[in-house]
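>>> Dropping a prediction and its sequence here:
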Amino acid sequence: MNDHIDATYAFKPSLAFATAVLLCAAGTVYGGGERVEAERLIADRPGLGDGAWTIAPDVWLLELGTSLVDTGPQRIGEASTLLRVGLADYELRLALPSPVFSIDGEDTQYTDFGLGIKLPLSETEHWSWALIAGISFPTGSDAVTNEELNGYATLAGETSFSKALDFTVNVGAAAPVGGGDSVFSFLPTLSLGVNEDVAVYGGYAGYYGESDQHWAEAGVTVAVGRDLQWDINAAYDVEHDVWFAGIGLAWRWR
């Protein structure tokens, strides 16, 4: 989930938080079978949803992005930094503090630190599934921090309709430890490979809670060799007349 999506919702009881903790613990004992790294980089950015692909052991993947967000009253620039580390049975995910700044020149703020895992569940001829879970910590600046521990859990599924057309779906929930208003998420996405190096995608991202959000999003990815990908993306929330546009990259190394 990208930083500009409001993830401060919760549901009662804090099922997502409890699930995130249990899944993080399960990741230390779960045996997901041997994983072989893809020949070409497969990143979770730039879409609001995540794919089911889990990187292999001893592989590192850095995903960086920056976006301009227009909320109407103000325009905000924000960055995102996700470091993915392939371990024996799962993938460790570190959401590193990243700057958020007002175009009007106000002081730069920094987002919360997040720690999570992606746990491969199954891979068949038609579908791949993974669980993504984690916790964000209230380490950010006053204006952007969630002010308390937040847990999230997402089921990610992925299939191919043809050699060039892929479909991804995310179903998830997020919750502050202290409880509060609820949020659930549903994100279906289609991706079309134009050629070996270029792909386009489009999808819907729905967040249902105290204040629903309905995002339409689209973007383009361009691979440069096997281990580097550039991207551009944009989305519009029809519920609140908010939009963002951004660029980013993903870089893999071993």
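Yes, it's here.
>>> Give me the contact list for stretch 157-172.
Here stretch 157-172 makes contact (CB atoms under 8 Å, 6 or more residues apart in numbering) with 16, 47, 49-53, 126-129, 132, 152-156, 184-194, 203. For glycine as for every other residue, the C-beta is placed from the backbone atoms N, C-alpha and C.
>>> Of these, grab the buried ones for PyMOL.
Buried members of the contacts of stretch 157-172, defined by 16 or more other CB atoms under 10 Å, are picked up in PyMOL with:
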select buried, resi 16+47+49+50+51+52+53+128+129+132+152+153+154+155+156+185+187+189+191+193+203
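>>> So which of the contacts of stretch 157-172 sit within strands?
Mapping these onto strands (DSSP state E) picks out 127-129, 132, 152-156, 184-193, 203.
>>> In the chain, what residue spans correspond to strands?
For the chain, the strands defined by DSSP E cover 60-70, 75-86, 91-96, 99-102, 109-110, 113-123, 127-137, 150-160, 165-176, 183-193, 198-209, 213-223, 228-237, 242-253.
>>> relative to strand 228-237, how tilted is the first one?
Right, strand 60-70. Orientation check (axes from the mean of the first three to the mean of the last three CA atoms, to 10 degrees): strand 60-70 against strand 228-237 gives 30 degrees.
>>> With just CA atoms, put strand 60-70 into PDB.
Output of strand 60-70 as PDB, limited to C-alpha atoms (Å, rounded to 0.1, in the frame of the first residue of the first chain):
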ATOM      1  CA  TRP A  60      17.800  -8.100  -2.300                       C
ATOM      2  CA  LEU A  61      15.300  -5.800  -4.000                       C
ATOM      3  CA  LEU A  62      15.100  -2.000  -3.400                       C
ATOM      4  CA  GLU A  63      11.900  -0.200  -4.600                       C
ATOM      5  CA  LEU A  64      12.000   3.600  -4.600                       C
ATOM      6  CA  GLY A  65       9.300   6.000  -5.600                       C
ATOM      7  CA  THR A  66       8.200   9.700  -5.500                       C
ATOM      8  CA  SER A  67       4.800  11.100  -6.100                       C
ATOM      9  CA  LEU A  68       3.000  14.400  -6.400                       C
ATOM     10  CA  VAL A  69      -0.300  14.300  -4.500                       C
ATOM     11  CA  ASP A  70      -3.100  16.800  -5.100                       C
END
